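*Asks:* Show me how the following folds:
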Amino acid sequence: MKKVIIFGIIILVIICGVLINMFLPKIVSLDRIAISDILNEEKDMIVKGTFTDSAIGFSGYNASSSEGKVFLEISGKFSLGKMDGNFSITLNKEKYGEPKEIYLKDGKNSVKIWPK
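*Replies:* You can find the predicted model right below:
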């Protein structure tokens, strides 16, 4: 009886860990991101897109710049229909400078998205 209770608790902890991990934001891989438009306005660069996987909702981004290059890491998390996969990211030119190139990153890989 004691072994059954311990086994049940272990299974419950594993299931809870998997469920919590599913709902935490993660950097989305490049093959799951579709960029629809990049606008070069006077004070801002605006990157618009969506996720190709409907189960992922947009949860934020990290941006960094170096030598005229802006690098974006887009985060998403598992969605049960409450979150939208569309995103619009505004990059202020005062903060990031006048970008010459914009790249998407997913940790190890990067791809240039602007200019094409």
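*Asks:* quick one, strands of this structure?
*Replies:* For the chain, the strands defined by DSSP state E occupy 26-27, 33-40, 44-51, 56-66, 69-78, 87-92, 101-105, 110-114.
*Asks:* Tell me how many other residues crowd residue 31.
*Replies:* Residues within reach of residue 31, counting by other Cβ atoms under 10 Å, total 11. C-beta here means a position set from N, CA and C on the backbone, and glycine is covered the same way.
*Asks:* With the one 3 residues further on instead?
*Replies:* Taking other Cβ under 10 Å as the criterion, the count of residues near residue 34 is 12.
*Asks:* Same check on residue 61?
*Replies:* Neighbours of residue 61 (other Cβ under 10 Å): 17.
*Asks:* which residues does it contact?
*Replies:* By Cβ atoms under 8 Å, 6 or more residues apart in numbering, the residues touching residue 61 are 72, 73, 74, 75, 87, 89.
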